[in-house]
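S.K.: Structure, please.
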Amino acid sequence: MIMENRKTSWRWWICSLLFVATTVNYLDRQVLSLTWKDFIAPEFHWNDNDYGNITAVFSIFYAFISLFAGRFIDWLGTKRGYIWAIVIWSFGACLHAACGWATLKLTGVVDTNALYAVEKGSELALLVSSTSVWLFLACRIILATGESGNFPAAIKVTAEYFPKKDRAYATSIFNAGASVGALVAPLTIPLLAEHFGWEMAFIIIGGIGFIWAGLWQTFYTSPSKSRFVNAAELAYINQPDEASRVSSSNEAAEPSLSLVQCFRYRQTWAFIVGKLMTDGVWWFFLFWAPAYFSELGYPSSSGMGQALIFVLYLIVTLLSILGGYLPKLFVERRGMNPYAGRMRAMLIFAFLPIFAMFAQPLAVFSPWWPCLIIGLAGAGHQAWSANLYSTIGDMFPKSAIATITGIGTMFGGLCCFAINKGSGMLFTYAEAQGEAFRFFGATGKPAGYMMVFCYCAVAYLLAWVMMKALVPRYKKIYE
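M.R.: Residues are numbered from 1 along each chain as shown. Now for the predicted structure:
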């Protein structure tokens, strides 16, 4: 029997479920990036532009669906909405495995060995390439549809289960699942692909989501209805700040915002700017880092390539969790309001990605330099992202949190589309131009990487300045 005078900690068990869901989310997303260069591209005759098209379409659909995913989560409810999201994306992840079989049927090629033997540059090679790209695009669209619900649902759960002062820290913990997913991926996915085929890598990783859906159905309910939350923990959860707590009647009095109304507030646009300017940076690192190290001579199937990706995301994981704790210190020790504390922390994090502009120049000395630098920049992004998400709960009613998250995620997806599509085109063009393509001392494809790294370096400071101009001080929209 739970003692009522002793606070339970069920909120952290819920946070651990969010962490696992986000880990699965990024594992599913990473299977393609860790298999396309060394396993899939030789079979289907892809180039960088083909992969860039696939990641770009994923990003644009993710962006479009995110606009409605948050609204869907707010309407359907956290429990059912989250289950629908993870079941859809897990199905989409597993479906990738059928692309090889479908390509054989549609092109008339007899078997996989015959695919490898197709003459490069021939009409049949073009048919195989275009057919397989379209099939993978269809699977990525299903994956994007489901994955778009993860963060709106997770942020809504965080607002339900944590007081404002703890939300950035809780968000940084579950958001670290993105880094852990990226950390585990290079140690597991290439091995699965090498020993069982790339198809089984999609099936095994994708199947994990169905297990999580069963756990969520069994254990999740709102804190006021949960048998695992006692009165002391509920009182702690419901405190809006250090001075008082929100009563259920006050919570019910908060306004309900339509999708159109959300765009009327500067607070919404501040969140949009924060996502639009920076989300593409993280997705560029996520989607292109394995290919980048492969270009340096360390494919994801090699021990060194796996070590580089592992260390990169180990740095991201450890530092990003500490980053989520920083605004808590500002609030508790400096007496700042939550928004001011988050903005102070975000300014600090905005300086970390500046080092990204040195990744390409230092790569000529050792691949460990870009590994460490990209890891530091990625940690800055994840810490930035955890606090950016938490600003929604600071200023918007709980009934609108998933909707605002979806809106921001949509604009972040547009940035992802631009960077991934642009990178694929840029790298293919730069490689074709060779020595004729130059940027900051680099030539050919390395010059293309240098250009993208330079954007990554300055994006966060630009975003912070614009956010501060839009919302200079803490202000709830319903005051």
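S.K.: Report the distance from the host helix or strand of Ala185 to the chain centre.
M.R.: Applying DSSP states H and E as the criterion places Ala185 in helix 164-196. Centre-to-centre, helix 164-196 and its host chain are 10 Å apart (CA atoms, centre = their mean, to the nearest Å).
S.K.: what helices or strands is it leaning on?
M.R.: helix 10-35, helix 150-161, helix 198-219, helix 266-295, helix 303-334, helix 338-350, helix 368-395 (3 or more CB pairs under 8 Å, 6 or more residues apart in numbering; DSSP states H and E). Quick note: C-beta positions are derived from backbone N, CA and C, even for glycine.
S.K.: Of all the residues in it, which ones are buried?
M.R.: 164-186, 188-190, 192-193 (16 or more other CB atoms under 10 Å).
S.K.: quick one: which of the helices and strands packed on helix 164-196 is nearest Asp111?
M.R.: helix 198-219 (13.9 Å; CB to CB).
S.K.: Can you name the residues in contact with the closest one?
M.R.: Helix 198-219 is contacted by residues 13-14, 17, 20-21, 24, 27-28, 31, 35, 39-40, 79, 82-83, 86-87, 89-98, 100, 188-189, 192-193, 196, 228 when judged by CB atoms under 8 Å, 6 or more residues apart in numbering.
S.K.: tell me the mean pLDDT for that helix?
M.R.: Per-residue pLDDT over helix 198-219 has a mean of 93.
S.K.: Kindly report the same for stretch 449-465.
M.R.: pLDDT averaged over stretch 449-465 gives 94.
S.K.: Buried residues, that stretch. List them.
M.R.: For stretch 449-465, by 16+ other CB under 10 Å, it's Tyr449, Met450, Met451, Val452, Phe453, Tyr455, Cys456, Ala457, Ala459, Tyr460, Ala463, Trp464.
S.K.: Check these and tell me the two furthest apart.
M.R.: Tyr449 and Trp464 (24.9 Å).
S.K.: how about a markdown table for the buried residues of stretch 449-465, with distance to Ile348 and secondary structure added?
M.R.: A markdown table is the format used below for the buried residues of stretch 449-465 (distance: CB to CB, whole Å; DSSP: H, G, I helix; E, B strand; the rest coil):
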| residue | distance to Ile348 | secondary structure |
| --- | --- | --- |
| Tyr449 | 27 | helix |
| Met450 | 26 | helix |
| Met451 | 26 | helix |
| Val452 | 24 | helix |
| Phe453 | 21 | helix |
| Tyr455 | 20 | helix |
| Cys456 | 17 | helix |
| Ala457 | 16 | helix |
| Ala459 | 16 | helix |
| Tyr460 | 10 | helix |
| Ala463 | 14 | helix |
| Trp464 | 10 | helix |
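S.K.: And those, which is closest to Glu123?
M.R.: After measuring the buried residues of stretch 449-465 against Glu123 - CB to CB - the closest member comes out as Tyr449, at 32.0 Å.
S.K.: can you tell me the helix or strand for Ser226?
M.R.: Per DSSP H and E, there is no helix or strand for Ser226.
S.K.: how about the nearest residue to it, chain neighbours excluded?
M.R.: Once flanking residues are discounted, Ser226 sits nearest to Trp10: 6.2 Å by CB to CB, 6 or more residues apart in numbering.
S.K.: isn't that neighbour right up against Glu233?
M.R.: Yes - counting by CB atoms under 8 Å, Glu233 is a contact partner of Trp10 at 6.6 Å.
S.K.: Tell me the residues that contact both of those two, please.
M.R.: With CB under 8 Å, 6+ apart as the test, Trp10 and Glu233 both reach Pro223.
S.K.: what sits against the residue lying closest to Phe58 once chain neighbours are set aside?
M.R.: The shortest distance from Phe58 to any non-neighbouring residue, by CB to CB, 6+ apart, is to Arg140 (4.1 Å). By CB under 8 Å, 6+ apart, Arg140 lies in contact with Leu32, Ile54, Thr55, Val57, Phe58, Phe61, Gly92.
S.K.: Just the mean pLDDT for the helix or strand encompassing Phe64, thanks.
M.R.: Using DSSP H and E, Phe64 falls within helix 48-76. What helix 48-76 shows for mean pLDDT is 82.
S.K.: any idea of the angle that helix forms with helix 150-161?
M.R.: Interaxial angle, helix 48-76 versus helix 150-161 (axes from the mean of the first three to the mean of the last three CA atoms, to 10 degrees): 30 degrees.
S.K.: buried residues in helix 48-76?
M.R.: Neighbour-count burial for helix 48-76 flags 48-74, 76 (criterion: 16+ other CB under 10 Å).
S.K.: Ok, stretch 8-20 next?
M.R.: Quick answer for stretch 8-20 (16+ other CB under 10 Å): Thr8, Trp10, Arg11, Ile14, Cys15, Leu17, Leu18, Phe19, Val20.
S.K.: got any ranges where the stretch 201-350 of the chain has weak pLDDT?
M.R.: The stretch 201-350 of the chain contains residues with pLDDT under 70 at 240-255, 321-325, 327-328, 331-332, 334-335.
S.K.: Can you tell me which of the contacts of Arg140 comes closest to Asn420?
M.R.: Once CB to CB is applied, the member of the contacts of Arg140 that ends up nearest Asn420 is Thr55, at 4.0 Å.
S.K.: Surely that closest one and Gly422 touch.
M.R.: No - counting by CB under 8 Å, Thr55 stays clear of Gly422, with 10.8 Å between them.
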